[in-house]
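Peer 1: I'd like to go over a predicted model; first the sequence, then the structure.
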Amino acid sequence: MSTPTAPAAPAPVPYAALVAGTPVRVEDREVRGAHTHVRVYGDPGASHPLVFLHGLRGDHHGLEPIVAHLVRERPDVRVVVPDLPGFGASAPFPHAVHDVAGYAGWAADLLAAVAPEGDAVLAGHSFGSIVAAATAAGPAGPALRGLALVNPIAAAPLDGPRRALSAVTVGVHRLAAALPEAVGTGLLRHPVFTRVASTAMVTTRDAALRRWIHAEHDRYFSGFADRRTLLEAFHASVGTDVSGFAPAVGTPTLLVASENDDVAPLPTQRVLEGRFARARLAVVPEVGHLAHYEAPGEVARALADFLRELPHNG
């Protein structure tokens with residue numbers, strides 16, 4: 001008689017111990033009429049604030065691996081990670097449009113609330129990089145010590161090497177907009193759509209890491225408030241890029257690019273670097289657009305080095 005085989009133990013979650021050991025508190029706020037869910041990582045008395053904006057369809061969870069590495073390396077930094085309005089645990093704007101201008105105005109108000117001294121570094125990943133650049137470039141933008149853009153969208157996605165896939169994605173969103181709301185929302189939240197998007201972005205050859213990244217997207221990729229919010233933000237993400245804001249940014253700027261990123265290809269990052277008045281480029285080797293999952297330690301080290309370069313950093 002054969003002995004039943006015990007079920008395999010679940011694979012360890014990458015970065016779990018590091019994230020679990022990082023101090024965090026919640027500071028929910030009302031910003032531009034929207035309930036905004038905010039996580040603050042690190043020592044609450046740390047002298048240097050960094051506000052970090054996540055990418056499209058994400059929330060604070062996606063940035064936690066970078067944040068945990070950064071706080072360990074720089075305990076004098078407290079990292080403020082909000083869920084963008086309409087995503088994660090943040091409510092959508094009650095009246096404003098979820099476009100780059102709407103998010104940039106919200107980000108400026110959030111910075112004024114969490115860093116009233118005007119000494120914050122503003123960071124953003126992917127779509128968050130567009131919002132961060134627009135915030136820094138605004139005519140009444142907040143005073144910043146620095147701007148850090150991780151996997152920044154340097155050129156319009158519809159003009160890049162993945163233009164065919166981008167065009168299909170645009171078509172899916174247009175179809176979702178044309179369908180009855182419940183059906184359209186179901187399409188945008190469909191697990192197959194999530195898995196296709198996840199598979200298209202993952203570059204790691206580590207099978208366990210790939211499975212975890214897909215699971216993260218399964219958990220959080222559909223955490224948007226409603227169809228209107230997502231469609232507004234999506235069209236902003238494919239119709240805007242960082243390059244148009246760069247010439248108006250005088251703040252010291254770090255660009256963290258990935259060697260194999262075909263959403264924001266490295267050659268476009270080199271061009272983008274030259275459009276800023278005071279920028280430098282750091283390249284993370286052998287990863288793609290999901291550097292926050294595939295190489296968070298390397299991204300955190302680039303951010304830590306940048307923070308050391310800034311004046312009055314201690």
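Peer 2: Great, that's in hand. Residues are numbered from 1 along each chain as shown.
Peer 1: burial count for residue 236?
Peer 2: Residue 236 has 21 neighbouring residues, counting by other C-beta atoms under 10 Å. Where you see a C-beta, it was placed from the backbone N, CA and C, and this is true even at glycine.
Peer 1: Then the one 10 residues further on?
Peer 2: As a burial measure, the neighbour count of residue 246 was computed by other C-beta under 10 Å and equals 25.
Peer 1: What sits closest to it if chain neighbours are left out?
Peer 2: If you skip the residues right next to it in sequence, residue 246 has residue 275 as its closest partner in space, 3.8 Å away by C-beta to C-beta, 6 or more residues apart in numbering.
Peer 1: which residues sit in contact with that neighbour?
Peer 2: Listed by C-beta atoms under 8 Å, 6 or more residues apart in numbering, the contact partners of residue 275 are 243, 246-247.
Peer 1: Let me know the closest of those residues to residue 254.
Peer 2: residue 246 (12.9 Å; C-beta to C-beta).
Peer 1: ok now do the closest one, which residues does it touch?
Peer 2: Under the criterion of C-beta under 8 Å, 6+ apart, the contact partners of residue 246 comprise 133, 137, 272, 275-276, 279.
Peer 1: Low-confidence stretches in the stretch 201-314 of the chain?
Peer 2: With pLDDT under 70 as the threshold, the stretch 201-314 of the chain has low-confidence stretches at 312-314.
Peer 1: if we can go back for a sec, let's see which of the contacts of residue 246 end up in helices.
Peer 2: With DSSP state H as the criterion, helices contain 133, 137, 272, 275 from among the contacts of residue 246.
Peer 1: I'd like the distance from residue 107 to residue 143, if you could.
Peer 2: The span separating residue 107 from residue 143 equals 13 Å under the rule C-beta to C-beta, to the nearest Å.
Peer 1: what's the answer for residue 225, then?
Peer 2: 31 Å.
Peer 1: Looking at those two, which is more packed in?
Peer 2: Between residue 225 and residue 143, residue 225 has the larger neighbour count (other C-beta under 10 Å), namely 17 against 12.
Peer 1: list the buried ones in stretch 130-142?
Peer 2: Of the residues in stretch 130-142, those with enough neighbours to count as buried (16 or more other C-beta atoms under 10 Å) are 130-138, 141-142.
Peer 1: Just give me the least confident of the residues you listed.
Peer 2: Across these, the member with the lowest pLDDT is residue 141, scoring 71.
Peer 1: OK, contacts around residue 177?
Peer 2: In this structure, residue 177 makes contact with 184, 227, 231, judged by C-beta under 8 Å, 6+ apart.
Peer 1: Give me the buried stretch members for the strand or helix carrying it, please.
Peer 2: The secondary structure element spanning residue 177 is helix 163-178 (assigned by DSSP states H and E). For helix 163-178, burial by neighbour count (16+ other C-beta under 10 Å) applies to 165-166, 169-170, 172-173, 176-177.
Peer 1: Mind putting the residues you listed into a markdown table with distance to residue 296?
Peer 2: As requested, the buried residues of helix 163-178 are exported to a markdown table (distance: C-beta to C-beta, whole Å):
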| residue | distance to residue 296 |
| --- | --- |
| 165 | 25 |
| 166 | 26 |
| 169 | 26 |
| 170 | 30 |
| 172 | 29 |
| 173 | 29 |
| 176 | 31 |
| 177 | 34 |
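Peer 1: Now pLDDT too, for these, in TSV please.
Peer 2: As requested, these are arranged in TSV below (pLDDT from 0 to 100):
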residue	pLDDT
165	73
166	74
169	88
170	89
172	91
173	93
176	95
177	95
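Peer 1: quick one: the strands in the stretch 201-314 of the chain?
Peer 2: Per DSSP state E, counting those that start in this stretch, the stretch 201-314 of the chain carries strands over the ranges 253-258, 279-284.
Peer 1: which of the ones you listed sits most buried?
Peer 2: Across the strands of the stretch 201-314 of the chain, averaging neighbours per residue (mean count of other C-beta atoms under 10 Å) puts strand 253-258 on top, at a mean of 27.
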